[in-house]
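Chemist: Output the structure for:
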Amino acid sequence: MWEMVATKIGLVAVERFFDRRNEDLDEDNPQVVSIGLAVGYYYNFLDPVSMVLRMGIFSLYASPEDKDPRTFTADDVRLQIILPGQLNVYAFQRCEADFKKYDKGFVFLPQNHRYYGINYFTTECGGRTELTILDLARPIMSAKRYYEDIVKLDTHVGTDPKWMNIQTAEITAFKESLRRLQKRGYGDAFVNKLDFRECN
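Modeler: Numbers count the residues shown, from 1 in each chain. So this is what the prediction gives:
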């Protein structure tokens, strides 16, 4: 019996998600998609990297074949997540360009038994070297496609107040979802070490 109820709840939620239309968008009917995108982003990136950081020493490899990695204490590792300030192609391109200009290295994820590529920069701070990991939050960019393809909203009119509000809501919800996950103890290795950087 409970399986039928749970299945119905899931089907109704999917139906509402895919049957949503432009005329349904208003302040009384908020339904942001970026919360789910943020949770997926957390489990695919933040959680595995956070688990490595919890070990106390963060090893940065030049390549998967590197036998002599640079090591950093957990206190000397920071994270910056690059986000678009608006959900448009130009902001996405600026984010990509910003992301690519940094060095690339690798971290070994023991739980996945593989190396994971990261972008980073280092800063000298009073006799110690601080590592800042940068990541481009590409999942938030798919929110634009949802509004174009599913909701049928014209997202090419950058000055449309409805679209401007939606963009702000989606980007805010993405960032706040990651913060809330941290407050609940997820990704706790990056508490007070996580910053967001917007490209406009």
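
Chemist: going forward, measure contacts between C-alpha atoms and count neighbours the same way
Modeler: Will do.

Chemist: Can you spell out which helices and strands pack onto the one helix or strand L60 maps to?
Modeler: Per DSSP states H and E, L60 falls inside strand 57-60. Applying 3 or more Cα pairs under 8 Å, 6 or more residues apart in numbering; DSSP states H and E, we find strand 57-60 packed against strand 70-73, strand 103-109.

Chemist: Just give the strands next to whichever helix or strand comes after the first one in its sheet, each with its orientation.
Modeler: Note on strand 70-73: by DSSP H and E, the next helix or strand toward the C-terminus is strand 77-84. If you go by DSSP bridges, strand 77-84 pairs up with strand 128-136 (parallel), strand 194-199 (parallel).

Chemist: List every C-alpha atom in the first one, with coordinates, as PDB.
Modeler: Taking Å, rounded to 0.1, in the frame of the first residue of the first chain, the C-alpha atoms of strand 128-136 are listed here in PDB:
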ATOM      1  CA  ARG A 128      53.100  29.000   4.700                       C
ATOM      2  CA  THR A 129      51.500  28.200   1.400                       C
ATOM      3  CA  GLU A 130      47.700  28.200   1.100                       C
ATOM      4  CA  LEU A 131      46.000  26.200  -1.600                       C
ATOM      5  CA  THR A 132      42.700  27.400  -3.100                       C
ATOM      6  CA  ILE A 133      40.800  24.900  -5.100                       C
ATOM      7  CA  LEU A 134      38.500  26.400  -7.800                       C
ATOM      8  CA  ASP A 135      35.600  24.700  -9.300                       C
ATOM      9  CA  LEU A 136      33.100  25.800 -11.900                       C
END
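
Chemist: Thank you kindly, that will do.
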